[in-house]
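Novice: Fold the following for me, if possible:
(chains A and B)
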Amino acid sequence: MPDITSVVDTLDERKPYIELKQAKKSSELACDNTSIAGSMSQRACVYSGARVALNPVTDAVHLVHGPIGCASYTWDIRGSLSSDKETFRTSFSTDMKELDVVFGGEKKLSKSIDEIVELYNPPVIFVYSTCIVGIIGDDLEAVCKDASERVGIPVIPVKSEGFKGTKSDGYKAACNALMQIIGTKEPEITSEYRINIFGDYNVAGDVWLVKPLFEKMGIQVITSMTGDATVDTISKSHGAQLNLVQCSGSMTYLAKWMMKKYGIPFTKVSYFGIEDLAIALRTTAEFFGSEEMMRIAEEIIEKETARIMPEIQAIRNRVQGKTAAIYMGGAAKALTLIKGFRELGMEVVIIGTQTGKRDDYKQISYQVKDGTVIVDDANPLELADLLVNQKADLMVAGVKERFLAYKLGVSFCDFNHDRVIEFEGYDGFLNFAREIDTSINSPVWGYVRSKLGAGTTQTKGTSESAEQNTADSKKVVGERSNMHDININTLQGSVI
Amino acid sequence: MSERNYTTVNPCIMCQPIGSVMAFKGIEDSMVLLHGSQGCSTYMRLHLAHHFREPVDIASSSLSEKGAVYGGSENLKKALKNIISRYDPKVIGVSTTCLAETIGDDISRIISEFREEENIGDERIIIPVPTPSYEESHNSGYIKAVEAIVKTFTLEDSKKEIFNNKLNVVLSENISPEDTREMKHLFTSIVGHNSFILLPDISETFDAPMTGDLHKIPLGGTTHSDIADMKNSAATIGLGITNDNRAVNYLEQTFDIPSQNLPLPIGLEYTDKVLNALAEISGMEIPDEFQKERGRLIDAMVDAHKYVYGTKVAIYGDPNNVLGMLSLALENGMHPILVVASSKSPRFAEHAMERVNQVKPDCDVTILEDVDFDTFNDAVKKAKPQMLIGNSNGKYIAKDMNIPLIRFGFPIHDRVGAQRTLILGYKGAMRMLDRITNTILDVQDAEMAAKWSEPESYVPLGESSFHSAEA
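Specialist: Take a look at the predicted model:
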């Protein structure tokens, strides 16, 4: 029976967070805890969770109350696009200095809010608290409440002190802030059927490939939170009859609240991949129970699938049988990616998330085949070990993992804030497939282990060569077996 | 835009800990640990990975609420232990964040307790650097870390051992890995191989060759024996003159090592200055190679002079980099109307003014420091430059003004090659000048193309708007 130690070398404390999927063996993966000190977590903090979830509200001022660093690193952190205002791209900070830390930053914050209102006249100001604010005890709520009355716009505290939990707690803080706006304006109803899109951040314009599908079905999309959302549409979002939640980690909390407060049910969907897209459209049509809508949904699914299928098929022929590693911030994206890869004929061999919960990992476990490694809150050394031992050909993750994969000769796809092409909707999936193809089949991987003086390199690095293990303990891993193969014939051929 | 007094809009600086990280990444076999909450380490990793396009490992003590209330000692010790067990580094830099500073953790004490409790031998060096984020900027964090590194390695026995006849070269500002390689080549060629100690050295650690192997800690960096040997050197050169190079001062005061601070060798004259100083200190002649390179640079300057003359530029970024770029622009006849240092430094404005007066006294230059991008934006709108030279964050202003941005400095997160960008030395000046000139030619091409479609508005090249600046 293979055991996790055979595929990864890690701290004893970390072992409960990693498991090997095995049939007939159900164990529970440890998760949803704070990261272990010094374990080099890939996660961020509460503030980061709040910031990424709220930031795409395009016409809001996002004011960071704290020293400059927090604002400096999160300036325009999301590749979210806006169809109108770009206020969210501007980084506002109270830039607390030593004296503010000693004497308290409330006054500065209050004056900063006045200044912003005068200069920018935003519809709302979100005030994020950082570590320092939690320590020195600035009363953010009181300052914001006073300011709201004074300036006449909502000034909403986002309680996101970095150390007070994990990134997930930040999502909650963001949702709590959104609750202050929802229901403050009367919705304008233009259709019998109305939904909100939750948990889509319009990275690279994703929402713009999804929203029209629903509109074609005769549905009014009141808001998409928070990608390309405005304060106005958020305030009217209680006019919907259904909430579609994509990034469940960040938005389920808000969806549950809306169900309780406004009686609006929610359902979890994904707009990534042919199968999940079809499910999203069908579920929505079924919810409204309109025959006409169901007919249109089926028509869209059929037409669109037929439109992209020839190219998907061609790409599938080129990437089939390759193996993928998934390391995502949230579990919803990780889950939908498993299906996406299957549609391309690829198998997942490693899957991990930063913020997955117990139920998420159970779901993941159902979806993957035996021998797949499931990991929570992985760190670079574990990921490197896993990529090599699980023989992954491609990794899907964010920037911090990109160069790790590259250094190991593993191709990479960014499915995070940084991407500049859409991955959702039908054309989005086509984009995804093209990117996978581009990366996996680039001749560059054939050169990775090549050396000068050893003859010409072989650019097709697929054949197996003997495993070599270097004794160097500082090296993360031994040689990847299939990346380096010098063909003796080519070598001789090159010597004239 | 009216006056702002309380809000920073689009910061130009980062916090002290990231500067400290950059310094430690230039030391052989070292890891950095940030004492604070998890986010700080993740954000800095992300920022550095974007810029250098390398894996960047920065540990965190992952302080939680409990740590914040009862002190972070337990977390810090655990983090140190885990790093040692997983990475086995010889050097661990421990930098504080604003959280650790505010709860008042005494990291030096915690580290000595840890050493005792875990029986850590002398071969493992742990260097504390207090870097509260509510003070100064990433630049000062860099300088403080470099000083702490030198102090720690030379503390053991504060007397000189054996005179090594070497030259210390201490950077006071982050330069690119390619620039670092160029500096090493330059020093090797003039003072000789193994005759200088460059600190910190990120030439390999932040730009590792692709081999298919991944090292837990990237190879390269200034060696430990070299850093320890700095106290036995004959002389020290500090590169960067706008700030106090604290490590240089320390070496001079403690070990009587004569020192001088020189500008970063950007452009013709500052490179001359550094090379001449090197020749003088070492008593060596400058190799012919550099005379030729210098000649080629002048040749390039001749090639470019008609295109670049009078072009109004705004330069912004870290102070020593900006000072150097100002110098390069001036000696090429450009018109730097706006010169902005992101952080406050004691002698930036003075040196910038001096350089303007030397080369182009009639140039109506505006010098700003310690401003955010919003203030910079206002200044740009007023000054109406034809080109921006600085880091990626200026892209919004460049786009808004419809003028080109030539990227240099830190951070560059939206283009490839930041780690390979050569600015320093004659070669760097040549490359930079070519980039500037070709950018101007691109703009002219675009203007010409627009005119071609409207023959009646044809204006001869020499009178195109890009050259309307003062003659």
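Novice: Can you list the buried residues in stretch A:174-193?
Specialist: Going by neighbour count (16 or more other Cβ atoms under 10 Å in any protein chain shown), the buried part of stretch A:174-193 is A:174-183, A:185, A:187, A:193. C-beta: built from backbone N, CA, C; applies to glycine.
Novice: For the longest helix seen in chain A, buried residues please.
Specialist: If each helix of chain A is counted by residues according to DSSP state H, the longest one is helix A:291-319. By neighbour count, with 16+ other Cβ under 10 Å as the criterion, the buried positions of helix A:291-319 are A:293-294, A:296-297, A:300-301, A:304-305, A:308, A:312, A:315-316, A:319.
Novice: now the strands for chain B?
Specialist: Using DSSP state E, the strands of chain B run over residues B:8-9, B:30-35, B:59-60, B:91-96, B:125-129, B:167-171, B:196-199, B:235-239, B:259-262, B:312-317, B:335-341, B:366-369, B:387-390, B:405-407.
Novice: any chance of these in a markdown table, with mean neighbour count too?
Specialist: What follows is those, written out as a markdown table (neighbours: other Cβ atoms under 10 Å in any protein chain shown):
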| stretch | mean neighbour count |
| --- | --- |
| strand B:8-9 | 24 |
| strand B:30-35 | 29 |
| strand B:59-60 | 30 |
| strand B:91-96 | 28 |
| strand B:125-129 | 22 |
| strand B:167-171 | 26 |
| strand B:196-199 | 23 |
| strand B:235-239 | 24 |
| strand B:259-262 | 18 |
| strand B:312-317 | 26 |
| strand B:335-341 | 25 |
| strand B:366-369 | 16 |
| strand B:387-390 | 26 |
| strand B:405-407 | 21 |
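Novice: Adding mean pLDDT and distance to residue A:355 as columns, could you present the ones you listed in TSV?
Specialist: What follows is the strands of chain B, written out as TSV (pLDDT from 0 to 100; distance: least, Cβ to Cβ, whole Å):
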stretch	mean pLDDT	distance to residue A:355
strand B:8-9	94	30
strand B:30-35	98	21
strand B:59-60	96	16
strand B:91-96	98	26
strand B:125-129	98	31
strand B:167-171	98	39
strand B:196-199	98	40
strand B:235-239	97	44
strand B:259-262	97	48
strand B:312-317	98	36
strand B:335-341	97	39
strand B:366-369	96	41
strand B:387-390	98	36
strand B:405-407	98	34
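Novice: Can you tell me which of those is nearest to chain A?
Specialist: strand B:8-9 (3.9 Å; Cβ to the nearest Cβ).
Novice: tell me the mean pLDDT for stretch A:449-457?
Specialist: Averaging pLDDT along stretch A:449-457 gives 72.
Novice: tell me, what residue is most central in chain B?
Specialist: Note on chain B: the residue nearest the mean C-alpha position is residue B:174, at 2.2 Å, using Cα atoms, centre = their mean.
Novice: residues touching that residue, list them.
Specialist: Contact analysis of residue B:174 by Cβ atoms under 8 Å, 6 or more residues apart in numbering or on different chains lists B:19, B:22, B:142, B:202, B:318, B:410.
Novice: and these, which of them are in helices?
Specialist: Per DSSP H, the subset of the contacts of residue B:174 in helices is B:19, B:22, B:142.
Novice: ok, how many other residues are close to residue B:68?
Specialist: By other Cβ atoms under 10 Å in any protein chain shown, the residues close to residue B:68 number 24.
Novice: Then residue A:145?
Specialist: Applying other Cβ under 10 Å, I find that residue A:145 has 14 neighbouring residues.
Novice: In terms of helices and strands, where is it?
Specialist: Following DSSP states H and E, one finds residue A:145 within helix A:140-151.
Novice: Give the other helices and strands that that helix contacts.
Specialist: Applying 3 or more Cβ pairs under 8 Å, 6 or more residues apart in numbering or on different chains; DSSP states H and E, one finds that helix A:140-151 contacts helix A:106-120, strand A:125-129, strand A:155-158.
Novice: Other residues contacting the second one?
Specialist: The contact list for strand A:125-129 (Cβ under 8 Å, 6+ apart) reads A:47, A:50-51, A:54, A:57, A:60-66, A:70, A:109, A:113, A:116-117, A:138, A:140, A:143-144, A:147, A:153-161, A:177.
Novice: Pairing partners for it, with directions?
Specialist: If you go by DSSP bridges, strand A:125-129 pairs up with strand A:61-65 (parallel), strand A:155-158 (parallel).
Novice: which one's the longest helix in chain B?
Specialist: helix B:425-452.
Novice: circling back: sort out for me which of the buried residues of stretch A:174-193 are in strands.
Specialist: Filtering those for strands - DSSP E - leaves residue A:193.
Novice: for the buried residues of stretch A:174-193, which one is nearest chain B?
Specialist: residue A:174 (14.7 Å).
Novice: what's the burial count for residue A:118?
Specialist: Neighbourhood size, residue A:118 [other Cβ under 10 Å]: 11.
Novice: which helices and strands does the helix or strand following the longest helix of chain A pack with?
Specialist: The helix or strand immediately downstream of helix A:291-319 is strand A:323-328, counting by DSSP H and E. In terms of contacts (3+ Cβ pairs under 8 Å, 6+ apart), strand A:323-328 is packed against helix A:331-343, strand A:347-353, helix A:380-389, strand A:394-397.
Novice: Cheers, nothing more for now.
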